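J.: return a 3D structure for these sequence lines:
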Amino acid sequence: MPATLRLDANLPVFVDALQKGWQVNFQVSATVSALFASIAATLFVFMKDKDNFVTSSSSPAYKFLLFLSYSSIVSNGNATITALAMTDRLGNLPYSAQLVEPTTSESSSVLGDEHDVLGMFGIGNRWKLNFWLWYFSFLMGILTTLGQILVYLFLEESTAVKISVSMVLIPLSAIHLWYFLPVAKL
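T.: From the prediction side, this is the model:
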């Protein structure tokens, strides 16, 4: 039997703000991850060409570099797809909210975090699992891309370049990852 849907129904203000905030977060994440995936794929093509290396392609460091290359492509691709799926799920929240029995009134308080609140409004029982999958893939994609660059530097570049990039540029790039750590409090 089809559900009766109210055309004038709105999400509570707080839930609407959560929905919009997470939608923007996942849309931006999908874009960033797709850019990192394209960078990783470009680096992979470069690194598969043995003419680009002085180091032997049978060395453990070269094999580790290829491992990082594959990991970066897979992690960033997974983060992109998961972010797009999460964006879609959030877009369906107004519909999903009408299909669940309300457990609270709009003026009441809820004991829980933002993920619990979204769950109360029908986000789905796999929300937290998908969130963690996205979170892990997003961070691993960034870290493996930076790792690719770092390993390549130590294999092929001069000492001056190794020091300047590994001591200054990589830490400056990676320090922004600390921003994401408080998000993971679930």
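J.: what segments of this structure are helices?
T.: Using DSSP state H, the helices of the chain run over residues 13-48, 60-91, 93-99, 114-120, 127-156, 159-164, 170-174.
J.: make CSV out of those helices and add distance to residue 6, mean neighbour count and mean pLDDT.
T.: Every residue, glycine included, has its C-beta placed from N, CA and C. Below are the helices of the chain laid out as CSV (distance: least, CB to CB, whole Å; neighbours: other CB atoms under 10 Å; pLDDT from 0 to 100):
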stretch, distance to residue 6, mean neighbour count, mean pLDDT
helix 13-48, 16, 16, 92
helix 60-91, 18, 19, 93
helix 93-99, 7, 16, 82
helix 114-120, 18, 17, 82
helix 127-156, 24, 19, 89
helix 159-164, 61, 11, 84
helix 170-174, 48, 13, 73
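J.: kindly reformat the ones you listed as a markdown table containing distance to residue 108.
T.: What follows is the helices of the chain, written out as a markdown table (distance: least, CB to CB, whole Å):
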| stretch | distance to residue 108 |
| --- | --- |
| helix 13-48 | 11 |
| helix 60-91 | 23 |
| helix 93-99 | 15 |
| helix 114-120 | 11 |
| helix 127-156 | 21 |
| helix 159-164 | 57 |
| helix 170-174 | 42 |
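J.: and those helices: which comes nearest residue 7?
T.: helix 93-99 (10.0 Å; CB to CB).
J.: packing partners for the closest one?
T.: With contacts taken as 3 or more CB pairs under 8 Å, 6 or more residues apart in numbering; DSSP states H and E, helix 93-99 sits against helix 13-48.
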